[in-house]
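Chemist: only geometry, no sequence info:
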């Protein structure tokens with residue numbers, strides 16, 4: 001950990017890089033703004049222009065491949081905001097996209113994916129009961145060796161709100177897809193929304209509804225042409241694909257087996273060759289490992305590994321290592337990846353870092 005590159009008041013919970021320039025964009029969550037920073041040295045940054053208003057609790061920014069605009073997602077008020085970028089990368093002219101509507105309004109029905117895939121509601125072993133039984137069997141002398149699957153995990157505002165039955169728009173991420181398409185997740189309303197950008201803002205193309213209460217949070221586009229989305233509340237990974245007419249739909253899903261009630265999924269990323277997905281889970285502090293099958297249209301859960309740190313908010317693959325940001329442990333840990341299975345091993349290194357929430361490899 002080198003140190004602070006620049007003072008960034010307002011809780012910069014997400015950062016993204018300009019595709020051509022040495023410019024970084026930060027979502028200043030508590031300020032509700034997006035601030036640009038230009039690189040002034042190998043480990044130093046300086047503000048570029050003034051902060052641009054986005055929305056309440058802005059939590060994510062994604063930059064278009066041509067560097068002409070970025071999209072900010074706001075957890076607090078559900079806003080999806082297009083912000084123009086000039087030739088120097090300076091942001092301006094925020095335009096708020098159409099608000100999301102609850103697809104389940106007035107209905108108590110749960111969404112069922114008609115693919116034969118076992119998705120929401122999949123049978124999951126009761127690890128908490130197993131841990132209690134094993135601890136009782138071995139007694140106090142060896143009970144501390146039993147994993148604490150029966151411990152009550154910490155929660156956050158999102159999961160507490162959902163448990164109370166609230167249905168509020170919570171935009172969480174923008175994923176850049178090929179051919180000018182953007183996908184945004186709405187965790188509060190269980191939506192994945194697809195957009196195209198124009199000079200007047202974002203134009204809504206389509207919405208895909210996920211199971212009620214699943215909470216789509218983050219996603220990753222796969223070179224096979226599929227979009228994988230991890231759900232924060234139901235702790236599943238869904239596969240979305242376009243049909244011949246370009247209409248997106250859910251084609252498969254896989255639960256993160258072994259996660260606990262009260263756990264919340266966070267980040268999703270792929271291995272370098274795209275054959276493995278890694279899903280971070282906060283609470284029991286684990287990493288779900290899923291193999292990509294077929295032509296990218298199927299997933300197979302293969303392992304639930306220890307994250308090695310507390311509250312894994314974000315993670316990224318760098319060479320043969322999975323770097324994990326332990327938000328509540330104030331550290332970043334390095335986990336070696338098995339060359340054959342892709343499963344993370346035990347912590348190889350720890351680096352102190354104050355409340356890390358996003359890891360972005362430098363160019």
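Modeler: On my side now, so go ahead. What you see is a predicted model; the values in this text were computed from it and never measured.
Chemist: Spell out the residue ranges of the strands in the stretch 51-200 of the chain.
Modeler: All strands of the stretch 51-200 of the chain, identified by DSSP state E, counting those that start in this stretch, fall at 58-63, 69-74, 80-85, 91-96, 171-176, 181-186, 191-198.
Chemist: will you turn the ones you listed into CSV that also has distance to residue 238, mean neighbour count and mean pLDDT?
Modeler: C-betas here are computed from N, CA, C, even on glycine. Formatted as CSV, these follow (distance: least, CB to CB, whole Å; neighbours: other CB atoms under 10 Å; pLDDT from 0 to 100):
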stretch, distance to residue 238, mean neighbour count, mean pLDDT
strand 58-63, 19, 25, 98
strand 69-74, 18, 26, 98
strand 80-85, 20, 22, 98
strand 91-96, 27, 17, 98
strand 171-176, 13, 24, 98
strand 181-186, 11, 25, 98
strand 191-198, 8, 19, 97
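Chemist: To residue 223, which of these lies closest?
Modeler: strand 171-176 (13.5 Å; CB to CB).
Chemist: Show residues contacting the closest one.
Modeler: 59-65, 71-75, 78-80, 100, 182-187, 216-221, 227, 232 (CB atoms under 8 Å, 6 or more residues apart in numbering).
Chemist: In the beta-sheet assignment, what are the partners of residue 71?
Modeler: Here residue 71 sits in beta bridges with residue 62, residue 82, going by DSSP bridges.
Chemist: Spell out which residues make up each domain of the chain.
Modeler: Domain assignment of the chain by automatic domain parsing yields the ranges 1-96, 115-363.
Chemist: and these, which one is worst for confidence?
Modeler: Confidence, taken as mean pLDDT, is least for domain 115-363 of the domains of the chain (a mean of 88).
Chemist: which residues does residue 208 form a beta bridge with?
Modeler: Applying DSSP bridges to residue 208 gives these bridge partners: residue 192.
Chemist: doesn't residue 186 make contact with it?
Modeler: No: assessed by CB atoms under 8 Å, residue 208 is found out of contact with residue 186, at 10.6 Å.
Chemist: Any chance you could list residues touching both of these two?
Modeler: In terms of CB under 8 Å, 6+ apart, residue 208 and residue 186 are both contacted by the residues 192-193.
Chemist: Might one say that residue 251 is in contact with residue 295?
Modeler: No: in this structure residue 251 lies outside contact range of residue 295 using CB under 8 Å: 10.9 Å.
Chemist: For the two, indicate the residue with more neighbours.
Modeler: Between residue 251 and residue 295, counting by other CB atoms under 10 Å, residue 251 is the more crowded of the two (16 against 10).
Chemist: State whether that one is indeed within a strand.
Modeler: Yes: under DSSP: H, G, I helix; E, B strand; the rest coil, residue 251 sits within a strand.
Chemist: Now do the helices in the stretch 101-250 of the chain.
Modeler: Using DSSP state H, counting those that start in this stretch, the helices assigned to the stretch 101-250 of the chain run over residues 127-143, 157-163.
Chemist: if you skip the residues just before and after it, what's nearest to residue 78?
Modeler: Leaving aside its sequence neighbours, residue 78 sits nearest to residue 169 (CB to CB, 6 or more residues apart in numbering; 2.7 Å).
Chemist: Done for today, thanks.
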